[in-house]
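A.B. asks: what follows is a predicted protein model with its sequence.
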Amino acid sequence: MTLKVCKFGGTSMADGIAMSAVKKIIESDEKRKFIVVSAPGKRFNGDTKVTDLLYACYDELKEKGECKAAFQSVRKRFESIVKELNIEMDISSVLDETEERLVKENSSDFTASRGEYLSARIMAQLLGAKFIDSEDVVFFKADGQLDGEKTYKAISAAVAGAEKAVFPGFYGKDVKGKVKTFSRGGSDISGAIVARAVNASVYENWTDVSGFLACDPRIVDNPRKIKNLSYKELRELSYMGANVLHSESIFPVRKANIPIVIKNTFRPEDEGTAILPISQYKPDGNVVTGIAGKKNFTVILIEKSHMNSEIGFIRKVLSVLEREGVSIEHIPSGIDTMSVVVDSDEIEGYKLEQIIEGIKNDAEPDVIRVMENVALIATVGHGMSSSIGTSARLFNAMAAANINAKMIDQGSSELNIIVGVKNEDCEKCIAAIYHEFFG
Ligand code: ADP
Ligand code: ASP
Ligand code: MG
């Protein structure tokens with residue numbers, strides 16, 4: 001039988017009503033056998049996600065050696081969910097054990113992981129399904145990367161014979177045997193890992209929007225829905241800020257050509273978006289597929305006459321960043337100029353000064369300047385390579401909105417055009433490009 005792996009995000013787990021909607025979705029299709037859940041998210045605007053409540057618990061734990069006060073809010077969230085669902089479950093004892101273990105483990109990752117642990121325990125009880133703890137089946141290597149081989153084997157063994165199973169998302173175990181989480185939004189990766197391990201026919205990612213939209217709905221009202229996306233387009237858009245799906249969730253499924261479908265828990269009949277390997281991808285005829293943006297980059301601009309003929313110049317510059325352990329986002333270049341774009345968080349404090357000094361000493365540029373508070377906007381689509389005048393349209397739209405491009409980088413695959421603008425122009429720029437290409 002073909003089987004589906006379903007991941008339900010924070011809003012889908014936010015309260016008893018949402019969890020009941022999840023149960024209905026799962027029970028409406030017998031192929032939905034393996035479920036991955038997030039911690040309960042926001043119930044309304046201004047509410048706090050359980051994961052954020054847990055990070056606050058860890059702050060209290062660090063300071064006082066216990067976290068009674070902060071854990072009280074977590075306790076209340078889960079007790080009210082169990083009450084609303086009206087299920088047989090001694091949630092108080094589970095919460096007591098959890099609080100005890102928090103103190104014993106005394107780690108940020110362990111504390112943060114408990115939102116997923118508790119919501120998976122409740123979901124398993126609600127569905128009458130097997131609970132499989134991700135700390136027993138998801139493993140990281142010493143370098144922090146997923147140990148795919150060991151993980152996929154452990155998951156297949158754990159699900160053998162289970163009619164239905166629920167996994168907590170977001171975490172696994174490191175080589176020292178300690179719980180370790182993915183980065184924020186990482187339950188999407190956990191869902192992809194389970195899909196790969198059980199060789200699912202599809203990975204359904206259930207959230208609170210009816211698919212991947214051409215841009216962030218918090219920036220443009222009601223943006224166009226994208227019917228299907230290639231893995232590559234997804235990677236570009238999610239990496240650049242379309243965080244409806246974590247940018248690393250494609251890696252486990254891509255190798256096995258498992259499609260991802262984004263669906264809305266609260267409008268399950270809506271079609272959603274399919275994310276497919278390029279061989280199955282059917283372009284919908286648009287030049288641009290989507291637009292996304294991310295703030296807080298730093299651009300280091302370097303000029304040197306005859307840079308193009310000085311063998312090893314770029315290597316000298318990049319070696320400085322390597323020495324400082326800083327990863328590079330983009331390197332747009334001209335004949336006598338190059339820029340290095342890095343995430344501002346990577347070069348906090350004295351690091352930027354070290355890098356500037358290093359480049360001055362090792363590469364002896366004529367000019368070196370730093371531009372901070374830069375947002376990068378990515379305009380993405382396979383349709384762009386076959387369409388003439390796309391960049392002209394994009395830059396005209398920016399000019400009409402009075403936005404200055406501080407940096408431009410067009411990927412060699414012609415899949416994307418990236419522009420750097422001032423942080424405060426980020427939303428305005430996304431809206432201007434959206435309206436140009438989608439009317
Ligand atoms: P979940 O808790 O289900 O994982 P997330 O909050 O992580 O949900 O992701 C869903 C949210 O992503 C949406 O509510 C929406 O506000 C936001 N979002 C940002 N960019 C996009 C986009 N291009 N398409 C759809 N949603 C987007
Ligand atoms: N609960 C985690 C977070 O808030 C992981 C997730 O929801 O995917 O980041
Ligand atoms: Mg998410």
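C.D. replies: Yep, that arrived. Ligands and ions are numbered 1, 2, ... in the order given.

A.B. asks: quick one: terminal-to-terminal distance for stretch 151-170?
C.D. replies: Start-to-end span of stretch 151-170 (CA to CA, to the nearest Å) is 14 Å.

A.B. asks: would you mind listing the buried residues in it?
C.D. replies: 151-152, 154-155, 158-159, 164-170 (16 or more other CB atoms under 10 Å). Yep, even glycine has a C-beta here, placed from its N, CA and C like the rest.

A.B. asks: can you tell if it touches ligand 3?
C.D. replies: No: Stretch 151-170 stays clear of ligand 3 (CB under 5 Å from the ion), getting no nearer than 9.2 Å.

A.B. asks: what's the answer for stretch 250-265, then?
C.D. replies: No: Stretch 250-265 lies out of reach of ligand 3 by CB under 5 Å from the ion, never closer than 10.6 Å.

A.B. asks: got the CA positions of that stretch in CSV?
C.D. replies: Taking C-alpha atoms only, stretch 250-265 is exported to CSV below (Å, rounded to 0.1, in the frame of the first residue of the first chain):
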residue,chain,number,x,y,z
ILE,A,250,14.1,19.0,0.9
PHE,A,251,17.3,17.1,1.4
PRO,A,252,16.0,13.8,2.8
VAL,A,253,13.1,13.6,0.3
ARG,A,254,14.9,14.8,-2.8
LYS,A,255,17.2,11.8,-3.0
ALA,A,256,14.1,9.5,-3.1
ASN,A,257,12.0,11.7,-5.4
ILE,A,258,9.3,12.0,-2.8
PRO,A,259,7.0,14.9,-3.5
ILE,A,260,6.1,17.3,-0.7
VAL,A,261,2.5,18.7,-0.6
ILE,A,262,1.7,21.8,1.5
LYS,A,263,-1.9,21.6,2.8
ASN,A,264,-4.1,23.7,5.1
THR,A,265,-5.4,21.9,8.3
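
A.B. asks: so for that stretch, mean pLDDT?
C.D. replies: Here stretch 250-265 scores 96 as its mean pLDDT.

A.B. asks: from the buried residues of stretch 151-170, which is closest to Ser387?
C.D. replies: Gly169 (38.5 Å; CB to CB).

A.B. asks: so that closest one sits right up against Val36, yeah?
C.D. replies: Yes: Gly169 is in contact with Val36 according to CB atoms under 8 Å; the separation is 4.8 Å.

A.B. asks: joint contacts of these two?
C.D. replies: Common neighbours of Gly169 and Val36, using CB atoms under 8 Å, 6 or more residues apart in numbering, are Lys7, Ser187, Ser190, Gly191.

A.B. asks: which of those count as buried?
C.D. replies: Buried among these (16+ other CB under 10 Å): Lys7, Ser187, Ser190, Gly191.

A.B. asks: tell me the one of these nearest ligand 3?
C.D. replies: Ser187 (6.6 Å; CB to the ion).

A.B. asks: gap between the closest one and ligand 2?
C.D. replies: Applying CB to the nearest ligand atom, to the nearest Å, the value for Ser187 to ligand 2 is 3 Å.

A.B. asks: gap between the residue lying closest to that residue once chain neighbours are set aside and ligand 1?
C.D. replies: With sequence-adjacent residues excluded and distances taken as CB to CB, 6 or more residues apart in numbering, Ser187 is closest to Gly169, at 2.7 Å. In this view, Gly169 and ligand 1 are 9 Å apart by CB to the nearest ligand atom.

A.B. asks: any idea how far Gly169 is from Gly148?
C.D. replies: As judged by CB to CB, to the nearest Å, Gly169 and Gly148 stand 17 Å apart.

A.B. asks: so Ala158: helix, strand or coil?
C.D. replies: At Ala158 the chain is in helix, as set by DSSP: H, G, I helix; E, B strand; the rest coil.

A.B. asks: I'd say it and Phe131 touch.
C.D. replies: No: at 10.3 Å, Ala158 does not count as touching Phe131 under the criterion of CB under 8 Å.

A.B. asks: partner strands of the helix or strand bottoming out on mean pLDDT in the chain and their direction?
C.D. replies: Least confident helix or strand, the chain: strand 407-410 with a mean of 88, by mean pLDDT, DSSP states H and E. Strand pairing for strand 407-410, determined by DSSP bridges: strand 416-422 (antiparallel).

A.B. asks: list the buried residues for stretch 102-115?
C.D. replies: Leu102, Glu105, Ser107, Ser108, Asp109, Phe110, Thr111, Ala112, Ser113, Arg114, Gly115.

A.B. asks: sorry, back to before: what about the shared contacts of Gly169 and Val36, which are in helices?
C.D. replies: Residues of the shared contacts of Gly169 and Val36 located in helices (DSSP state H): Ser187, Ser190, Gly191.

A.B. asks: now the residues you listed in TSV, please, with extra columns for pLDDT.
C.D. replies: TSV is the format used below for these (pLDDT from 0 to 100):
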residue	pLDDT
Ser187	98
Ser190	98
Gly191	98
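
A.B. asks: got the residues of this structure near ligand 3?
C.D. replies: With CB under 5 Å from the ion as the criterion, the chain meets ligand 3 at residues Gly9, Gly185.

A.B. asks: leaving out chain neighbours, which residue sits closest to whichever residue of the chain sits closest to ligand 3?
C.D. replies: At 4.2 Å from ligand 3, Gly185 is the closest residue in the chain, using CB to the ion. For Gly185, ignoring the flanking residues on the chain, the nearest one in space by CB to CB, 6+ apart is His246 at 4.5 Å.

A.B. asks: for Leu352, give its distance to Arg267.
C.D. replies: 46 Å.

A.B. asks: how about Arg114?
C.D. replies: For Arg114, the distance to Arg267 - CB to CB - is 30 Å.

A.B. asks: try Ser93
C.D. replies: On the measure of CB to CB, Ser93 and Arg267 end up 37 Å apart.

A.B. asks: likewise for Ser333?
C.D. replies: As defined by CB to CB, Ser333 lies at a distance of 46 Å from Arg267.

A.B. asks: who has more neighbours, those two?
C.D. replies: Ser333 (15 against 12; other CB atoms under 10 Å).

A.B. asks: and the closest residue to the more buried one other than its chain neighbours, helix, strand or coil?
C.D. replies: Nearest non-adjacent residue to Ser333, counting by CB to CB, 6+ apart: Ser339, 7.3 Å away. Secondary structure state of Ser339, per three-state DSSP, is strand.

A.B. asks: can you pull the pLDDT of Leu276?
C.D. replies: Leu276 is assigned 93 on the pLDDT scale.
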